[in-house]
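> model this:
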Amino acid sequence: MMGAWLSKVGIVSGTRLGASHAIGHILGGSANVPHGHTSCVMLPYVLDFNAQVNSQRQREVRTNAHLKCSTTSSAVSVCPDA
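Numbering: from 1, shown residues only. This is a model prediction of the structure:
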């Protein structure tokens, strides 16, 4: 029950869902791939695409997470420090 409740906290608090989530719905339904997998696979590409408008926010995430990677997309995909 706790996991189900936690899965809804972001939605209830008004957190907007991003492009990797939306693309995950489309790919998951059309290619019969689990939604969570498609969202995770798309995340680094969406971060790269969005960096032109939110690079400062991404830098803050890396700093607060103590990641030494130069980009957030590398931190979620292949960065050895992640």
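> ok, and what's touching stretch 21-31?
Contacts to stretch 21-31, defined as Cβ atoms under 8 Å, 6 or more residues apart in numbering, come from residues 33, 34, 35, 36, 37, 38, 39, 42, 46. Every C-beta, even on glycine, is put in place using the N, C-alpha and C of the backbone.
> what's the farthest-apart pair in those residues?
34 and 46 (17.7 Å; Cβ to Cβ).
> So between the two, which is more surrounded?
Neighbours per residue, other Cβ atoms under 10 Å: of residue 34 and residue 46, the larger number sits with residue 46, 19 against 10.
> ok so, going back, out of the contacts of stretch 21-31, which sit inside helices?
Judged by DSSP state H, the contacts of stretch 21-31 include 35, 36, 37, 38, 39, 42, 46 as members of helices.
> Look up how far residue 66 lies from the second one.
In this view, residue 36 and residue 66 are 25 Å apart by Cβ to Cβ, to the nearest Å.
> got it, and residue 28?
Applying Cβ to Cβ to residue 28 and residue 66 gives a distance of 32 Å.
> So between those two, which is more surrounded?
Each of residue 28 and residue 66 has its neighbours counted (other Cβ under 10 Å); residue 28 has more, 16 against 8.
> Assign the more buried one to helix, strand or coil.
Using DSSP: H, G, I helix; E, B strand; the rest coil, the structure places residue 28 in helix.
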